[in-house]
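>>> compute the structure for the input listed below.
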Amino acid sequence: MARRINRALVVNGETIVSESAWNEELESKHQRLVEWLRAQRLEGVLIRRTENVAWLTGGAVEVRVLTPSETGVASLLVTADGKRYYFTTENEGPRLHDEEFGALDFEPVLFPWYADDTKEAAQRLAGVELGSDTPGPGLIPVNLYPLRESLSETEIARYRWLGAETADATVESLHQVEPGLSEYDLEAIAAANLLRRGILPSVYLFAVDDRIFKYKHAVARGKRLKNYAMLNLCSRKWGLAISITRFVHFGALADELVGRFKSAAQVNAALLDATRVGATSAQLFRVAQEAYAAEGFPGEEKYHHQGGPTGYGEREWVATPAGTQTVGNNQAFAWNPSIRGGKAEDTVVLRDGTIEWLTSTPGLPVIEAVVNGKVYPAAGVLVK
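Residues are numbered from 1 along each chain as shown. Okay, here's the model as predicted:
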């Protein structure tokens, strides 16, 4: 086996992935990609999207500088004969070598910042039949998602760390929330608790009081908290994405809201129970649709998407009435059913027929929903 990386993944003194296991992951991905190139009759593939760079490098490389950008300051090239390169500017080269690519077996190709010739250089090295995950003249568009939808054991190990740390940061943030704080304050609290753990927040949907009931996607707009706050966020590290939503309420919850949380948990349980290898997007949509109706909220699925698989995208696809995508083994999911102020959302992994929670928060109230004799926990509201 080729040596793809010469270090282990260690965080705060804890080995998350050993060097040998990391090499196995990277070699497997490389071989699958090369086989795919040959099957597609491509001479190489140019990889620019940050999620695909992270996937191929096993999370060892972060090329993003502008946070919202889909691409970064470097691109990868893998050829059908197995050669591996990274392209970047001369000014970025030293840092990328020292902190991103130095432990990997990619050969650097540098150019001045004012003279980007990535495509031309890639075609000289690989050939003109060049695939690319971003559009461009003379490039053949490709979709690499099918290669990365099923997670390796080492990817799941990184995911466990990220899920646990994100959950801890969310609970910590929830306990810091107080009446009078603005939605922007809630964003700042959660962002600080993630960033100090080395985790990047990628979605903020923080709302208070009536805005939680009015809007399914309530981005912060500065309203000040009276009684009820929602912390709905996504986080990223090593290219992987985590989704989680938690709530805090000051004073007793109204019975109606308690019931909505129980119903959302039941819909969530129905979706988790139906998340099995081979299940289609359309089948899962109908599961949600029927579960809402059974809970006395027919048509609730029309007001917002119900979630779907995650991994290197906050959602790789979402369940739709005519969706043909299918569930695979070792795939991560984040379902997010909601009912007029009540919601359930966690990130899980389907592994050999078993659901593993990545974002458990046992210190918060738990709602236990049962489907087909199995208990599926969901988070309840923290009441202060």
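
>>> and the longest helix seen in the chain, how far from the chain's centre?
The longest helix of the chain (DSSP state H) is helix 153-176. Computed by CA atoms, centre = their mean, to the nearest Å, the chain-centroid distance of helix 153-176 equals 12 Å.

>>> before we move on, what about stretch 297-317?
13 Å.

>>> could you do stretch 108-125 as well?
Put simply, stretch 108-125 sits 31 Å off its chain's centre (CA atoms, centre = their mean).

>>> what residues are bridge-paired with the residue most central in space within the chain?
With distances taken as CA atoms, centre = their mean, A241 lies nearest the centre of the chain, 2.0 Å away. Beta-bridge partners for A241, by DSSP bridges, are R236.

>>> quick one, what contacts it?
202, 234-235, 310-314 (CB atoms under 8 Å, 6 or more residues apart in numbering). To be clear about C-beta, it is placed using only N, CA and C from the backbone, and glycine gets the same treatment.

>>> now those residues in CSV, with secondary structure, pLDDT and distance to R48?
Conversion of the contacts of A241 to CSV gives the following (DSSP: H, G, I helix; E, B strand; the rest coil; pLDDT from 0 to 100; distance: CB to CB, whole Å):
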residue, secondary structure, pLDDT, distance to R48
S202, strand, 96, 19
C234, strand, 98, 22
S235, strand, 98, 23
T310, strand, 98, 21
G311, coil, 98, 18
Y312, coil, 97, 14
G313, coil, 94, 15
E314, coil, 96, 19
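
>>> what's the closest of these to L147?
L147 has its nearest neighbour among the contacts of A241 in Y312, at 10.5 Å by CB to CB.

>>> state the helix or strand in which A220 lies.
In this assignment (DSSP states H and E), A220 forms part of neither any helix nor any strand.

>>> please, where are all the helices along the stretch 151-300 of the chain?
Counting by DSSP state H, counting those that start in this stretch, the segments of the stretch 151-300 of the chain that form helices are 153-176, 183-195, 210-214, 255-274, 281-294.

>>> export those as TSV, with columns for distance to P146 and mean pLDDT.
As requested, the helices of the stretch 151-300 of the chain are arranged in TSV below (distance: least, CB to CB, whole Å; pLDDT from 0 to 100):
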stretch	distance to P146	mean pLDDT
helix 153-176	15	98
helix 183-195	30	98
helix 210-214	37	97
helix 255-274	22	98
helix 281-294	15	98
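
>>> find the nearest non-adjacent residue to E300, please.
Of all residues beyond its chain neighbours, the one nearest E300 is Y292 (4.2 Å), with distances taken as CB to CB, 6 or more residues apart in numbering.

>>> and the one you found, how far from N268?
Distance of Y292 to N268, given as CB to CB, to the nearest Å: 11 Å.

>>> neighbour count for the two, which is higher?
Neighbour comparison, Y292 and N268: the larger count goes to N268, with 29 against 24 (by other CB atoms under 10 Å).

>>> if I look at the more buried one, how far off is S235?
Computed with CB to CB, the distance linking N268 and S235 is 20 Å.

>>> same deal with V34?
With distances taken as CB to CB, V34 is found 32 Å from S235.

>>> ok, R7 - contacts?
R7 neighbours (CB under 8 Å, 6+ apart): 19, 22, 103.

>>> residue ranges in the stretch 51-200 of the chain under the pLDDT threshold?
Within the stretch 51-200 of the chain, not a single segment meets pLDDT under 70.
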